[in-house]
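In: Kindly return the folded structure for what I paste below:
(chains A and B)
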Amino acid sequence: MESVGLAGRAFAVFAKDLRLEWRSRYAFNTILMFGVTTLAVVSFSLGQSGLPSRLLAALFWIIMFFSAMAALSQVFVREEEAGTALALKLSADPTAVYLGKLFFNLTMLSILTVIITPLFFILTDASASRPALFVMILILGVIGLCAATTLVAAIISKAAMKGALFSVLSFPILILPLMMLVSATDIALAGRGWGDAVAPLQGLLAYGVVMITASLLLFRFVWRE
Amino acid sequence: MHRLIAQSLAKRFGALAVFSDISFELQSGQSLAVVGPNGSGKSTLLMLLLGMYQPTRGAVVFKDGDALMDEDAIRRKSALVSPYLSLYDNLTAEENLVFLVTVSGGNVTGKRINELLSLVGLEGRGMDPVGSYSSGMKQRLKYAAALVKEPAFLFLDEPMSNLDDQGKQMVRDVIEQLRGQAVIVLGTNEQEDYGLADGICRVGR
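Out: From the prediction side, this is the model:
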């Protein structure tokens, strides 16, 4: 029997989750409906009159945060509830499982971001004077949110009150990157230069690297008994 | 030659002592029936042997020849059939088998999958979603999922559950087929299953 490497095994987990999602569309519909509904409520409540860039940045990341909370735990909760986690534990290297699940969450949140971002600009009449900077913030934000929530999803998947616990545990881990994301997004929306955004961007990059590294080290202990 | 060694195993869940001081050594071609009443810890012992639980005391050792096997090798060479194990309802039987082999680091051909599905009595149903299977068919598919890994260590928890007479015969045939090659540990409280193994380990009161 030929051997499949770590990347191949992680891709198998990712492809399996994507296939299951394609057939049920549970997580995607949840995340999309939450994002669009929240965005609509925010835009209708505040109107389109020129809102301060700081407020717009905060609203954008609140929508992203709660959308992530609504669905990103499903990658592990679904395995536990369907009783398939045992088959996965018996067959797959924990690192491959974590990476496969992380890429699945990255894909989900990236698709949401691609849909929500233009809607956000249309409905709030915001403008990104620094589009390249804004895209960079989005990429780092999605990575940061997914890196933190994927590990927390594994932790809470066996708990009774999964939904509440997921938000409660994720919030303290995500408060720092959310503050940096709001700060950086404010800079991009206000049209200030890359120079002003260096500090939050560096912070977000470091956060993503640290969270993914820590998750890779810790995941096998979380995934066991 | 593969060996499974259980050394003075004990397991507690809080104040509840499930079992204590279980030791045995099995090598390829040998089988053991773990027997006892409901709640005696048969499934717990099997999970513990597979590394799903940590023992409160003692150790489990897997060897290939004289060399200790690492976690990856144990995963690749071990398989479990258990009521606690479910396959993916929204995947077809073939997709389930390919996935489980791939994530364990191996490859499998379509021909081999068809052979296995035929062996467990599911020929012609490989492209159906597992969610459409009856409980007996799901149990048969679990045997295919175990055999597709070509296991050196096979763990069977309540091996006959949900199976009709033909299914039970299939299980006996599978065990007979693997008897010379693999270490087989089965947990059961059915007396008629005791004869499937060479030896008996009693747990519980």
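
In: which residue does chain A bring closest to chain B?
Out: Distance from chain B to each residue of chain A (C-beta to the nearest C-beta) is smallest for A:Gly83, at 3.5 Å. Placement of C-beta: from N, CA and C, glycine included.

In: what are the phi and psi values for that residue?
Out: With angles defined as degrees, to the nearest 10, A:Gly83 shows backbone torsions of phi 80, psi 10.

In: Give me the pLDDT for it.
Out: Turning to A:Gly83, the model gives it a pLDDT of 91.

In: Quick check: it touching B:Ser86?
Out: Yes - in this structure, A:Gly83 is within contact of B:Ser86 by C-beta atoms under 8 Å, at 3.5 Å.

In: Compare these two (neighbour count), which wins?
Out: Neighbours around A:Gly83 and B:Ser86, counted as other C-beta atoms under 10 Å in any protein chain shown, are more numerous at B:Ser86. The numbers are 18 against 14.

In: that older thread, roughly how far apart are the residue of chain A closest to chain B and B:Ser82?
Out: With the distance defined as C-beta to C-beta, to the nearest Å, A:Gly83 ends up 10 Å from B:Ser82.

In: where's B:Thr102 relative to A:Leu86, distance?
Out: From B:Thr102 over to A:Leu86 (counting by C-beta to C-beta), the distance is 18 Å.

In: I misspoke; the intended subject was B:Lys138.
Out: For B:Lys138, the distance to A:Leu86 (C-beta to C-beta) stands at 14 Å.

In: shared neighbours of the two, anything?
Out: Shared contacts of B:Lys138 and A:Leu86, defined by C-beta atoms under 8 Å, 6 or more residues apart in numbering or on different chains, comprise B:Ser86.

In: Helix, strand or coil: sort out B:Ser20 for me.
Out: Using DSSP: H, G, I helix; E, B strand; the rest coil as the criterion, the local structure at B:Ser20 reads strand.

In: Okay, helices next: where are they in chain B?
Out: B:42-49, B:71-77, B:93-103, B:110-119, B:135-147, B:165-178 (DSSP state H).

In: same thing with chain A?
Out: Taking DSSP H as the criterion, chain A carries its helices at A:6-24, A:26-46, A:53-71, A:74-82, A:85-91, A:94-124, A:131-156, A:162-190, A:194-223.

In: what about the last one, average pLDDT?
Out: Computed over helix A:194-223, the mean pLDDT rounds to 93.

In: tell me the contacts of the closest residue to A:Ala70 other than its chain neighbours?
Out: Closest residue to A:Ala70 apart from its sequence neighbours, by C-beta to C-beta, 6 or more residues apart in numbering or on different chains: A:Phe34 at 4.2 Å. Each residue near A:Phe34 by C-beta under 8 Å, 6+ apart is listed here: A:Phe66, A:Ser67, A:Ala70, A:Ala71.
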